[in-house]
Structure formats: structure tokens, C-alpha cells
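Engineer: Sequence and predicted structure below; questions after.
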Amino acid sequence: QKEVEQDPGPLSVPEGAIVSLNCTYSNSAFQYFMWYRQYSRKGPELLMYTYSSGNKEDGRFTAQVDKSSKYISLFIRDSQPSDSATYLCAMSPYSSASKIIFGSGTRLSIRP
Amino acid sequence: DAGVIQSPRHEVTEMGQEVTLRCKPISGHDYLFWYRQTMMRGLELLIYFNNNVPIDDSGMPEDRFSAKMPNASFSTLKIQPSEPRDSAVYFCASSSSAGSRVTNSNQPQHFGDGTRLSIL
């Protein structure tokens, strides 16, 4: 079993829809939780960061961490075609700077 | 800010040849990571360095792979001899531990645009 599980998709939704992306994990030592966004033929870039449990909101994006269930989510409101990308969850027990474990990524397509 | 610079962007070579991938991290960053990305296996960490010293190379697939970081501004990943199953996109990333004494501080990894490697 992988340490981090993520549904690879692909996920296709109409513009304006609310998108929910999720990951589960098995290592209870994880404390740092991240979502990276990767556009085609580019490297991943950090989108959202959360330490420990709770919610974090940034514009149209909300990240949720439920450590009791070992489950993290990313919500995208009012989705736009420019949100079409692969979204990778990532987590670490140490810090966001050092070794982090990535999920396999969910490919998201927003239809105009 | 120049970001993480990788070269070459694309490499096509024949099986058995030596391949060298290069990375210039962001100035001042003390961590450097090499990743491999494929459709089947996703993004895998191969090796990472802290202050030019290899910390964890458990992700290196086999002895054909080696990585060096001779100074703070340059790293190489070498495959010798290369095989078709090594075909993938290889990413380099760097990050800074500055401020890491604050437990919940955010210090993201910054990725280059990758080297797309094809072994024929």
C-alpha cells in the first residue's frame, strides 16, 4: 500500500462548478500538507499549504486536513478553464522544505 | 528570480549511452531534490541533498544511477548505461530551510521545468 493515495482521474467538470480533490494517507506522523499544481510540460508549483489539521482558504481555493481520518481535500470554487492541470497532494512529517511524499496526481479538465 | 534551471530540456539517446542531466538550484537554497515522473509511477523522489551532502538516496533505482552536488549552485544526475525503462521526465527542485525553526513555517520546493528523457 502506498503511503499517499490519490485518485488519478481524469476529472472533467463544466466551468463554474465546484471541484473536490482528495487524498488519503497512512502515516500518522505527517504534519505538513500541501497541494501542488502542475501544468502540461511544466514542473509542479505550490498552490496551498496547511500545517496540522484544519482549513485554509486562499481566494477560490480551500484546503482541508482531517488528521483523525487521514484525509485531505482541495476545493476549487467557480472553476475556470485556466484551472485545468494536474493536482498533486504532498505531505511530510518534517517540514515543507525537506523530504515530502507526493500523491500520484489527479488530472483536472474544466470545460468552457 | 531565475528559478531552478535544468538542462537539457529534451534528450533522446540510444540504449547503453551515458546520460547526464544538470540542475542549477535557486541561489541561497540549501536543499536540492531529484525526482522522476512517469504515468505509471507518478512523481518519485530519487535523491536529495542538504548543503551539498546526499541525505537520502533510497529512491535511486539501481547502481546505474548516480548524483553529485559538487557545489551549492550545481548538481548532476547521471545514468550509465541507460535503458529504455529510464524514459521519463526528470525534475530538479530546491528549497530553503531558513526559518524552519518555526514549526509550521512554509518553505515550498521550487521545481524546474524538467528534462524529458527518451531512451530508444
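Structural biologist: Great, that's in hand.

Engineer: A:T86 is in contact with A:Q38, correct?
Structural biologist: Yes - between A:Q38 and A:T86 there is a contact at 4.5 Å, judged by Cβ atoms under 8 Å. Bear in mind the C-beta positions are built from the backbone N, C-alpha and C, glycine included.

Engineer: Find the residues that touch each one of the two.
Structural biologist: A:G105 (Cβ atoms under 8 Å, 6 or more residues apart in numbering or on different chains).

Engineer: for whichever residue of chain A sits closest to chain B, helix, strand, or coil?
Structural biologist: As assessed by Cβ to the nearest Cβ, chain B sits closest to A:G43 within chain A, at 3.0 Å. Three-state assignment for A:G43 (DSSP: H, G, I helix; E, B strand; the rest coil): coil.

Engineer: ok, it to B:R9 distance?
Structural biologist: From A:G43 across to B:R9, the span is 12 Å (Cβ to Cβ, to the nearest Å).

Engineer: Common neighbours of those two, please.
Structural biologist: Contacts common to A:G43 and B:R9, judged by Cβ under 8 Å, 6+ apart, are B:D113, B:G114.

Engineer: For these two, indicate the residue with more neighbours.
Structural biologist: Shown here are A:G43 and B:R9; by other Cβ atoms under 10 Å in any protein chain shown, A:G43 has more neighbours (23 against 11).

Engineer: if we can go back for a sec, how much space between the residue of chain A closest to chain B and B:I26?
Structural biologist: 12 Å.

Engineer: any common contacting residues for these two?
Structural biologist: B:V4.

Engineer: interface residues of chain A facing chain B?
Structural biologist: Chain A comes close to chain B at residues A:34, A:41-46, A:49, A:51-52, A:88, A:95-105, as judged by Cβ under 8 Å from any Cβ of the partner chain.
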